[in-house]
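Student: quick check, what structure comes out for this input:
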Amino acid sequence: MDTLKKTPLYDVHIALGGKMVDFGGWALPVQYSSILEEHKAVRERCGLFDVSHMGELFVRGENAFAYLQTMLTNDITTMTPGRCRYSMLCYEDGGTVDDVLVYKYSDTEYLIVVNASNTDKDFEWFKAHVIPGVEVENQSAAYAQLALQGPKFMQVLEAAGVAGELPAKNYTFVPETKVAGIPCIVSRTGYTGEDGVELYCAAQDGPALHKALMEAGKCVDMLPCGLGARDTLRFEASMPLYGHEMDETVTPMETGISFAVKLNKESFIGKEALLKPATRIRIGLKLVDKGIAREHADVYLGDKRVGHVTSGSPAPTLGGNYAMALVNLADAEAELYEIEVRGRRLKAERVPMPFYQRAK
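Tutor: Got it, this is the predicted structure:
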C-alpha cells in the first residue's frame, strides 16, 4: 500500500476497519462490514463513500464556453449557473476519452469532474486542445469528495447541520454551503441509482467532514461504504463504468448513452465519426442458468459469437445474476443468448436496462 496514492481519508478507512485494495493506483476500501450490508444500507437508508480519488479540473477564461462546446459531446448552451451535466470526451474516431460531469459556475468558469484513473490523461487532453483565452487547471489534490447516498440522505445532512442552501433538483449544485461547519460544494448527483449528494471540501477538511457525517448518520443507521458496494449499486442501476462499458475503442453510441451526444451541435471532437451508424450496442442480460458472467466473457447466439460481457454481477436488490454486454447491433434483438463461463455455456435472457430503478 505504501506505493499507492492515498486520499485524505486513508487513516479514517484504516480506523474504521476498511479492507484496503489497489484501485487504479489508489489505496481504497473495498468494504468495511460486507458488500451486501453496505449495498442494502444505500438502497434502504443511507451510505457514505470516499470518492476523493476522482479528479477536479477547472476551465476558466473568456473563451471557456466556446472551448468546452468543442471538447464535449453534450451541449452546454442551455446550462445556467448551478447546473451539472453529464457528457463524454471523444477522440476523433469516436472512441471515448472519458465520461465527465460538467459544473457551470458562469460562462467563464466550469468545473469538470473526471474519473480517477483518467485524471492525468484527461488533463493532458484538455491542455493539448486549449485555445487562447482559456486556462485549464488540475486542482484534484486540493479536494476531498464524499458521496452521501440513499433515501434518508437528507436526514443525515440535517442532523450534521447545514448553513446555507442545498441543491433542490437532480443535476444541480450549490457552490458553497457549510455542512457540519465545513465549507462544501454540494451537488445533487451520485453513482448508485439512489437520491443523494456529493460533497466537495478542502482536502484537509475531509476527515472532519466524514466524522461529522458518520456521527449524524447514526440517526438512520448509516454505514460507511466501499468500492464493492459502489460497483454493485451502479451495476444494478445499469450505469456505465469507464474501462468496462466504455473506453477508447467504444463510442458513446455503442455504450447506449446517445442522450449525452448532441449531433446537432455545430462541431465537437469526434462528431464526424459519431454521425456514422453504430455497429454494436450495450444490452442487459439476466442469467437463466446458475452462474455469474464476468467481464470479457463471450456472448453467443447459437454457434455465433456476437459480443462480450462488459460487467457482470449478482444484483442484491433484485435477486439473480445479471450482465451488461456489448453485442453486434444486428444481433441485439434476440430474446435468449448464451454466455461462456469457464468452458460452459450459460443461458441468459435479454432484459431492459436499468435493471433497478428507484421509486420516484
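
Student: just the pLDDT for Met324.
Tutor: In this model, Met324 is scored at 98, pLDDT.

Student: now do Asp2
Tutor: Reported pLDDT at Asp2 in the predicted model: 78.

Student: any idea how far it lies from Tyr32?
Tutor: Distance, Asp2 to Tyr32, by CB to CB, to the nearest Å: 22 Å. Using the backbone N, CA and C atoms, a C-beta is placed for each residue, glycine as well.

Student: comparing those two, which residue is more hemmed in?
Tutor: In this comparison of Asp2 against Tyr32, neighbours counted by other CB atoms under 10 Å, the higher total goes to Tyr32 at 19 against 5.

Student: contact partners for that one?
Tutor: Contacts were defined as CB atoms under 8 Å, 6 or more residues apart in numbering; by that measure Tyr32 touches 13, 16-19, 38, 223-226.

Student: got it, and Asn328?
Tutor: By CB under 8 Å, 6+ apart, Asn328 lies in contact with 279-280, 306-307.

Student: export those as a markdown table, with columns for secondary structure.
Tutor: What follows is the contacts of Asn328, written out as a markdown table (DSSP: H, G, I helix; E, B strand; the rest coil):
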| residue | secondary structure |
| --- | --- |
| Thr279 | coil |
| Arg280 | strand |
| Val306 | strand |
| Gly307 | strand |
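
Student: for the stretch 151-300 of the chain, which segments count as strands?
Tutor: Under the criterion DSSP state E, counting those that start in this stretch, the stretch 151-300 of the chain carries strands at the ranges 162-163, 173-179, 182-187, 196-202, 223-225, 280-287, 298-301.

Student: what is the rounded mean pLDDT of the longest one?
Tutor: Strand 280-287 shows an average pLDDT of 98 in the prediction.

Student: now Phe208: closest residue in space, sequence neighbours ignored.
Tutor: One thing to correct before we go on: residue 208 is Ala, not Phe. Of all residues beyond its chain neighbours, the one nearest Ala208 is Ile182 (6.3 Å), with distances taken as CB to CB, 6 or more residues apart in numbering.

Student: you'd agree Glu335 is up against Ala348?
Tutor: No - using CB atoms under 8 Å, Glu335 makes no contact with Ala348, being 10.2 Å away.

Student: the more surrounded of those two?
Tutor: Neighbours per residue (other CB under 10 Å) separate Glu335 from Ala348, with Ala348 holding more: 28 against 7.

Student: once you drop chain neighbours, what's closest to the more buried one?
Tutor: Nearest residue to Ala348 in three dimensions, chain neighbours excluded: Leu285, at 4.1 Å (CB to CB, 6+ apart).
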